[in-house]
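1. Let me see the structure of the following:
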Amino acid sequence: MRLLLVEDDERIADALAEDLSDQNYAVDVVYDGQSGWDYAEANTYDLILLDVMLPEVDGITLCRRLRSAGLQAPILLLTARDTISDRVVGLDAGADDYLTKPFDLEELSARIRALLRRGPATRLPVLTWQQLQLDPSLCQVSYGQQSIDLSPKEYGLLEFFLRHPRRVFSRAQLLEHLWTFENLPDEATVKAHIRGLRQKLAAAGAPKDLIETVYGLGYRLKQQES
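-> Residues are numbered from 1 along each chain as shown. Presented below is the predicted three-dimensional model:
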């Protein structure tokens, strides 16, 4: 899952980005509202974390602008303002949730998970495909009774495939959704991570082509033949 964090306090922003990256999120970080707008226009995000007090464009104005532009991704406001009127203004601007500073990282993580669950009905708490299971709340993966230890990027790839079953994704699309803008590698990196993911799945008993290559198009989860 790819997140955008807009926070002008670089110390807080860097700490949040590190914590979220440890939870297998790809996080783009910007430090002012105008950059937040530019990134949101240029990229696709699953959720946006937005500070209210920002230079250039404040968080409330940016939130309204994003919603007016048709953005449907959840927006979680972060602010030191904690009055009821402040919350009302933020929610009326189009935010989905509101968290006041200082906040606990575990609570922030729980709120992010809750917002991400508010998607289509196919977005289940535990994602499954044949005997493969991925629990997003615990970041645990198993095939049958065999637990699988994945790297953050392998986990991100598998979760992305499971959230979009039967769809084919090119390497460029996978890069866009799972890598940050500032650390965008070449497409060979995707190929290497797919290879490593396949090897770990196969070691747990999954078919070697559970993630199949659709030549000329990309990759997808392979439907089991009846």
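2. going forward, measure contacts and count neighbours with C-alpha atoms only.
-> OK.
3. Please tell me how far the closest residue to V57 other than its chain neighbours sits from P136.
-> Of all residues not flanking V57 in the chain, G33 sits nearest, at 4.4 Å (C-alpha to C-alpha, 6 or more residues apart in numbering). Distance of G33 to P136, computed by C-alpha to C-alpha, to the nearest Å: 30 Å.
4. cool, A15 as well?
-> A15 is 22 Å from P136, where distance means C-alpha to C-alpha.
5. repeat for S151
-> S151 is 14 Å from P136, by C-alpha to C-alpha.
6. okay, those two: which has more neighbours?
-> Between S151 and P136, P136 has the larger neighbour count (other C-alpha atoms under 10 Å), namely 18 against 13.
7. I'd say the more buried one and L116 touch.
-> No - assessed by C-alpha atoms under 8 Å, P136 is found out of contact with L116, at 10.2 Å.
8. So what does A188 have for phi and psi?
-> With angles defined as degrees, to the nearest 10, A188 sits at phi -60, psi -30.
9. Find me the pLDDT at it, would you?
-> Note on A188: pLDDT of 88.
10. That one: neighbour count?
-> By other C-alpha under 10 Å, the residues close to A188 number 10.
11. Does anything pack onto the lowest-mean-pLDDT helix or strand in the chain? Which helices or strands?
-> Ranked by mean pLDDT, DSSP states H and E, the weakest helix or strand in the chain is helix 84-92, scoring a mean of 77. Packing partners of helix 84-92 (3 or more C-alpha pairs under 8 Å, 6 or more residues apart in numbering; DSSP states H and E): strand 97-100.
12. Rounded mean pLDDT for the helix or strand following the strand it packs on, please.
-> Per DSSP states H and E, the first helix or strand lying C-terminal to strand 97-100 is helix 105-116. Summarised as a single mean, pLDDT over helix 105-116 is 89.
13. Residues touching the following helix or strand past helix 105-116, excluding its own?
-> Once helix 105-116 ends, the next helix or strand along the chain (criterion: DSSP H and E) is strand 127-129. With C-alpha atoms under 8 Å, 6 or more residues apart in numbering as the test, strand 127-129 has contacts from Q133, L134, D135, P136, E159, L162, R163.
14. Let me see the domain layout of the protein.
-> Domain ranges of the chain: 2-116, 127-221, per automatic domain parsing.
15. what stretches of this protein score poorly on pLDDT?
-> Where the chain drops to pLDDT under 70, the residues are 82, 119-125, 137, 181-183, 225-226.
16. in stretch 154-168, what's buried?
-> E154, Y155, G156, L157, L158, E159, F160, F161, L162, R163, V168 (16 or more other C-alpha atoms under 10 Å).
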